[in-house]
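Asker: the amino acid sequence is not available; the structure is as follows:
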């Protein structure tokens, strides 16, 4: 199956700091990024079939992103250019442990320029795995387009995967995020979230209740990452955890996207539509095998700087697996 990622591609301006005679000098280096675009690239670099459904700015950054996506094997069939929006920028600071802080420049961002006119019939001509983030419901116009698109993807037998990927700066009204994200999550097949995001959205005391409510609504699989701690997974029939590989962390920018891309890459090779996915998700061993691969992809990504540049190909993951097995 194709993994079609819906949402933003943007430019990460990644901070680098150097010590010199006058103190510390900070500069920023351009990297292609954006969570949906990162997932599409992760799948393509692993050898899978992926595409990006979204819009870029008609500017030097948008042209760079479009060219880079195509060069890395991501289908740009459904990637357009906004007539008025600019490519969004994210200035990314890193602390000593590689953890990120973001400053977004997203006024009049091209990726928010999707309209129902962009929902061409070819998008829904076959079942796909649809991967998107909560940014796709962060503004009123995006919500309308996303709701319409998800309805048509469901009718086509596609599998819907929501990576919460909470970015408060994306929201026109951040106070609405908990409710709108929860309502959207209840309508998908797979949810990926970080424990930190769930606590921020719903409070520590309500995390388990939120997960259970999504399962009760029909979500087949929920994956919750927690940094270097084990990944928790939940289905209607079982739950458990899977350990993450130990690695030297330098930049966590692409960690979650590499994980999602790795998981969806394995899934795409084993299912054909939503019905076969439901059968797949009922097998505990299927989930464990995909988590093993996905956590290796995440571990590889955090050991390198940037987003697209930090995503592994299949040979690199196989080499990593061989090295771990030999230790």
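Answerer: Arrived safely. Note that the structure is a prediction, hence the values are computed from the model and not measured.

Asker: when you work out contacts or count neighbours from here on, use the C-alpha atoms and nothing else.
Answerer: OK.

Asker: could you pull out the strands for this structure?
Answerer: 3-6, 10-20, 23-33, 50-57, 79-82, 89-94, 100-105, 129-133, 159-163, 190-194, 221-226, 229-234, 239-242 (DSSP state E).

Asker: give the pairing partners of the first one; include direction for each.
Answerer: Meaning strand 3-6. Using DSSP bridges, the strands paired with strand 3-6 in its sheet are strand 50-57 (parallel), strand 129-133 (parallel).

Asker: ok now that strand, how far from the chain's centre?
Answerer: For strand 3-6, the separation from the chain centroid amounts to 10 Å (computed by CA atoms, centre = their mean, to the nearest Å).

Asker: against residue 74, how distant is residue 47?
Answerer: The span separating residue 47 from residue 74 equals 10 Å under the rule CA to CA, to the nearest Å.

Asker: on that earlier part again, nearest to residue 39, of the strands of the chain?
Answerer: Shortest distance between residue 39 and those, using CA to CA, is found for strand 3-6: 7.1 Å.

Asker: all helices of the stretch 51-200 of the chain, in order?
Answerer: Along the stretch 51-200 of the chain, the segments classed as helices by DSSP state H, counting those that start in this stretch run 60-71, 140-155, 177-185, 195-202.

Asker: adding distance to residue 237 and mean neighbour count, write those out as TSV.
Answerer: Conversion of the helices of the stretch 51-200 of the chain to TSV gives the following (distance: least, CA to CA, whole Å; neighbours: other CA atoms under 10 Å):
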stretch	distance to residue 237	mean neighbour count
helix 60-71	39	17
helix 140-155	23	17
helix 177-185	19	17
helix 195-202	21	16
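
Asker: what would these look like in JSON lines with distance to residue 24 and mean pLDDT?
Answerer: As requested, these are arranged in JSON lines below (distance: least, CA to CA, whole Å; pLDDT from 0 to 100):
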{"stretch": "helix 60-71", "distance to residue 24": "28", "mean pLDDT": "97"}
{"stretch": "helix 140-155", "distance to residue 24": "41", "mean pLDDT": "97"}
{"stretch": "helix 177-185", "distance to residue 24": "38", "mean pLDDT": "98"}
{"stretch": "helix 195-202", "distance to residue 24": "31", "mean pLDDT": "97"}
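
Asker: out of those helices, which is closest to residue 115?
Answerer: Smallest distance to residue 115 across these (CA to CA): 5.8 Å, for helix 140-155.

Asker: contact partners of the closest one?
Answerer: Around helix 140-155, the neighbours that count as contacts under CA atoms under 8 Å, 6 or more residues apart in numbering are 112-116, 119, 123-124, 127-128, 130, 136-137, 159-160.

Asker: that one to strand 159-163, inter-axis angle?
Answerer: Relative orientation of helix 140-155 and strand 159-163, computed by axes from the mean of the first three to the mean of the last three CA atoms, to 10 degrees: 140 degrees.

Asker: now helix 140-155 against helix 177-185, angle please.
Answerer: Angle between the axes of helix 140-155 and helix 177-185 is 20 degrees (criterion: the same axes, to 10 degrees).

Asker: tell me the average confidence for stretch 118-128?
Answerer: Per-residue pLDDT over stretch 118-128 has a mean of 97.

Asker: so which bits of that stretch are buried?
Answerer: 118, 119, 123, 124, 126, 127, 128 (16 or more other CA atoms under 10 Å).

Asker: most widely separated two among those?
Answerer: With distance counted by CA to CA, no two of the buried residues of stretch 118-128 lie farther apart than 118 and 127, which are 18.2 Å apart.

Asker: what's the distance between the nearest residue to residue 133 once chain neighbours are set aside and residue 187?
Answerer: With CA to CA, 6 or more residues apart in numbering as the measure, residue 163 is the residue that lies nearest to residue 133, at 4.8 Å, once sequence neighbours are left out. Relative to residue 187, residue 163 is positioned 13 Å away (CA to CA).

Asker: more neighbours: these two, which one.
Answerer: For the pair residue 163 and residue 187, the greater number of neighbours falls to residue 163 (24 against 20), based on other CA atoms under 10 Å.

Asker: pick the most deeply packed of the strands paired with strand 3-6.
Answerer: When neighbours are counted by mean count of other CA atoms under 10 Å, the highest per-stretch mean among these falls to strand 50-57, a mean of 27.
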